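> after the sequence you'll find the predicted model.
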Amino acid sequence: MDEIVFGESPRWHEGRLWFSDWGAGRIWSVTAGAEPVLEAEVERLMCIDFLPDGRLLVVSPADGGVLLRREPDGTLVTHADLSAITRSGWNDIVADRQGRAYVNSIGFDFPEGEFRPGLVALVDADGSARVVAEGLAFPNGMAISPDGSTLVVAESYGEKLTAYPIDDDGSLGAARTWAATPGDHPDGICFDASGALWYADVGNEHCVRVREGGEVLDTIDSDRGAFACALSRDGRSGDQPLLLVVGQEWGENVWGGPPTGRLVAFEAPEPGDGWP
């Protein structure tokens, strides 16, 4: 798919690849051999994911930070008010099987603002929100391990992937380095069925597959910045693509700028992780 202004947050859902176009304020779904479907228009949006019942969640920076939920009739309602935690830098989201959602904030106004450490907040199923991790150096993409026990966060400024054990109530335990990525600044991430993890890198224009500990297994080069990646989640073996959202680097023309972004499919050695 071409003509994307600023694509981010690819998610596999019900046999289709969904992603948000921040620059155009649109959420699309696509599948092979069919025209893209415009699923929603949100004036100010960031990343997306889905509740176990299939309802769409949308992170929006409006009003200092809000998590929106799309109801079955298509209306968008407030799922959680995030502004009491911080009013700047809301970014990625990943939902779990219990209907909870982890949402992170980079902690400052990028790119003009002075750097401050970021955080991860947990939004419970009732919409209440609390901080569960702090002190991250530009938290970016997030993913939950295939067994549901671990949250991994890409620290773009820290050049590493950081893991947290998930407690029964959704709280996060002590951080550990899942993999160092020296020279790379990981952005969007996803697990595959083997437990390896793909991360996209904007500045280095590639997507890299690593094991826990940092062993590099595969590298896919792009002709422009690689922002985020996703694999199909149906758990089948065989011909399963890695779907990569690529485009221009962050700049003044991101919001409403020229549509230089693309959604590109590459052959992947393993299918998605089976996460719902």
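Now that the structure is in, tell me what you want to look at.

> CA atoms only for stretch 21-31, dumped as PDB, please.
What follows is stretch 21-31 as a C-alpha-only set of coordinates in PDB (Å, rounded to 0.1, in the frame of the first residue of the first chain):
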ATOM      1  CA  ASP A  21      -1.800   6.900   9.600                       C
ATOM      2  CA  TRP A  22      -1.000   9.600  12.100                       C
ATOM      3  CA  GLY A  23      -0.400  12.200   9.500                       C
ATOM      4  CA  ALA A  24      -3.900  11.700   7.800                       C
ATOM      5  CA  GLY A  25      -5.900  10.900  11.000                       C
ATOM      6  CA  ARG A  26      -7.000   7.600   9.600                       C
ATOM      7  CA  ILE A  27      -7.000   3.900  10.600                       C
ATOM      8  CA  TRP A  28      -6.800   1.400   7.800                       C
ATOM      9  CA  SER A  29      -7.100  -2.400   7.400                       C
ATOM     10  CA  VAL A  30      -5.700  -4.300   4.500                       C
ATOM     11  CA  THR A  31      -5.500  -7.900   3.200                       C
END
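
> so for that stretch, mean pLDDT?
Averaging pLDDT along stretch 21-31 gives 95.

> now do it: everything it contacts.
1, 4-8, 13, 15-20, 36-46, 48, 56, 58, 254-257, 259, 261, 263 (C-beta atoms under 8 Å, 6 or more residues apart in numbering). Just so you know, the C-beta spots here come from the backbone N, C-alpha and C atoms, and that holds for glycine as well.

> again, but for stretch 119-137
Contact partners of stretch 119-137, identified using C-beta under 8 Å, 6+ apart, comprise 67, 78-82, 84-86, 98-105, 107, 117-118, 139, 142, 151, 153, 155-158, 162, 164, 170-172, 175.

> quick check: buried residues in that stretch?
119-123, 129, 132-133, 136-137 (16 or more other C-beta atoms under 10 Å).

> now, those residues that are in helices?
Secondary structure from DSSP state H places none of the buried residues of stretch 119-137 in helices.

> strands along the stretch 101-250 of the chain, start to end?
Remark: strands assigned in the stretch 101-250 of the chain by DSSP state E, counting those that start in this stretch are 101-105, 118-123, 129-136, 139-144, 150-155, 160-165, 176-180, 186-191, 197-201, 206-210, 216-221, 225-231, 241-247.

> hey, least reliable of these by pLDDT?
Of all the strands of the stretch 101-250 of the chain, strand 241-247 has the smallest average pLDDT, which comes to a mean of 92.

> could I get the buried residues of stretch 119-137 as a markdown table with distance to Pro271?
Converted to a markdown table, the buried residues of stretch 119-137 look like this (distance: C-beta to C-beta, whole Å):
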| residue | distance to Pro271 |
| --- | --- |
| Leu119 | 32 |
| Val120 | 27 |
| Ala121 | 31 |
| Leu122 | 29 |
| Val123 | 29 |
| Ala129 | 33 |
| Val132 | 30 |
| Ala133 | 29 |
| Leu136 | 29 |
| Ala137 | 31 |
